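Enquirer: pasting the sequence and the predicted coordinates here, then a few questions.
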Amino acid sequence: MKRIGFIGLGLMGTGMSKNLVKAGYQVTVWNRTEAKVKPVVEAGATAAKTPKEVAENADVVITIVTDSPDVEQVLLGPDGAIHGAKKDDVFIDMSTISPIATMKIAEKLSEKGIEMLDAPVSGGVIGANNGTLSIMVGGKKKVFEENLPILEAMGKTIIYIGGNGDGQVCKAVNQILVGTAMLGVAEALVFAAKAGVDVAKVHQAVSGGAAGGWQLTNNGGRLLKGDMNPGFKIKDYLKDLGIIMETAAANKMPLPATSLVLQMYRHCQAENMLDNGTQAVSKAVEKLAGKTILG
Ligand code: NAP
């Protein structure tokens, strides 16, 4: 069985690393803030002092940190995993980062004979804890196939997309769909309120038809209760919008709908709503309409 290194024990990484331990892997972990290491060590992992030390004790190093510079830091920085890795080791980055940065990191790693997969995830903390994540993978197909059992310990729907960076492009697609759907849900529910009809009944009626979907059911349902708590935080979604816009610019692709979504979330940023859930984009819509969903 391959030895696993795991870097980044945040909301997502904690459950994912525990699932690897549960699947019988020998797992060595590192996290910048030491306090988060303890629960994973108690579950059966071993703690390392640096990302370099993680790689020295692993054949496959998994990262799930925040953004592109953070992945660069833990993989390529002064104490980075690259300095502890040997030829033919595999690095799997499961963070949501830029496809362009991913390709550059993969190139740097290949100079040392290290293979990289980008394998961002969807499914949130619940999916991370339950091992039911959707995982979209970029990199060499052979490397993907050889490491599929490791991904299967963390996810349920695991799709090989294409070369390095293609997994991250797929995740950006996911985030375009999520954001445009969420803004549509918010606009539709404020529209119902402004027209003076019963918003809860409208929500119930349209959820079962052609307009039904995850955002309407879950985040729309939260809006009916005035619940702005995060499943997914606005600050994390703004990071992803930055990745989407960078990728679109590189491909000379206009994104009219997503650009509007970005401006609405900028309003949320200006109103200090970064720690609210993405459903709180409804506040921006309500302001424009001069009407709130809850009356
Ligand atoms: P989180 O709870 O904020 O955890 C972030 C992790 O990254 C922490 O372990 C943090 O260390 C580490 N980190 C950040 N910058 C670092 C740096 N420069 N050097 C070393 N470590 C660093 O975030 P999360 O929710 O687990 O998300 C992680 C990734 O998964 C993100 O790319 C996010 O977009 C993606 N994702 C999240 C969700 C979700 O629902 N939460 C869903 C799908 C994908 P510290 O503990 O020291 O801060």
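Expert: All right, it came through fine.
Enquirer: can you list the buried residues in the one helix or strand Val178 maps to?
Expert: For Val178, the element it lies in under DSSP states H and E is helix 166-194. The neighbour-count check on helix 166-194 (16 or more other CB atoms under 10 Å) flags 166-172, 174-176, 178-194 as buried. From N, CA and C alone the C-beta is placed, and that goes for glycine too.
Enquirer: and if you look at stretch 34-54?
Expert: Residues of stretch 34-54 classed as buried by neighbour count (16+ other CB under 10 Å): Lys36, Val37, Val40, Ala43, Ala45, Thr46, Ala48, Thr50, Pro51, Lys52, Glu53, Val54.
Enquirer: so which of these are in strands?
Expert: Counting by DSSP state E, the part of the buried residues of stretch 34-54 found in strands is Thr46.
Enquirer: which of the buried residues of stretch 34-54 sit farthest apart?
Expert: Ala43 and Lys52 (23.2 Å; CB to CB).
Enquirer: quickly check: the helix holding Val178 near the ligand or not.
Expert: No. Against the ligand, helix 166-194 shows no contacts by CB under 6 Å from any ligand atom, the least distance being 7.7 Å.
Enquirer: still on that earlier bit, which one of the buried residues of stretch 34-54 is nearest Lys156?
Expert: Ala43 (20.6 Å).
Enquirer: now the element after the helix or strand encompassing Lys142, going C-ward?
Expert: Lys142 belongs to helix 141-152 when assigned by DSSP H and E. Next in sequence after helix 141-152, counting helices and strands by DSSP H and E, comes strand 155-162.
Enquirer: circling back: can I get the buried residues of stretch 34-54 in CSV with pLDDT and distance to Val121?
Expert: Shown next, in CSV, are the buried residues of stretch 34-54 (pLDDT from 0 to 100; distance: CB to CB, whole Å):
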residue, pLDDT, distance to Val121
Lys36, 98, 18
Val37, 98, 21
Val40, 98, 18
Ala43, 98, 20
Ala45, 98, 19
Thr46, 98, 24
Ala48, 98, 23
Thr50, 98, 25
Pro51, 98, 20
Lys52, 98, 25
Glu53, 98, 25
Val54, 98, 20
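Enquirer: what number of residues lie near the closest residue to the ligand within the stretch 101-250 of the chain?
Expert: Here the stretch 101-250 of the chain gets closest to the ligand at one residue, Gly124, 3.9 Å apart by CB to the nearest ligand atom. By other CB atoms under 10 Å, the residues close to Gly124 number 15.
Enquirer: may I see the buried residues of stretch 197-217?
Expert: For stretch 197-217, by 16+ other CB under 10 Å, it's Val199, Val202, His203, Val206, Gln215, Leu216.
Enquirer: please apply the same query to stretch 154-162.
Expert: Result for stretch 154-162 [16+ other CB under 10 Å]: buried residues Met154, Gly155, Ile158, Tyr160, Ile161.
Enquirer: is that stretch anywhere near the ligand?
Expert: No. Shown here: stretch 154-162 not in contact with the ligand (CB under 6 Å from any ligand atom), separated by at least 11.3 Å.
Enquirer: list of residues touching that stretch?
Expert: Stretch 154-162 is contacted from outside by 16, 19-20, 94, 121, 123, 127-128, 131-138, 141, 144, 148, 151-152, 167, 169-170, using CB atoms under 8 Å, 6 or more residues apart in numbering.
Enquirer: buried subset of the residues you listed as a PyMOL selection?
Expert: Selecting only the buried entries of the contacts of stretch 154-162 in PyMOL, with 16+ other CB under 10 Å as the criterion:
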select buried, resi 16+19+20+94+121+123+127+128+131+133+134+135+136+137+138+144+151+167+169+170
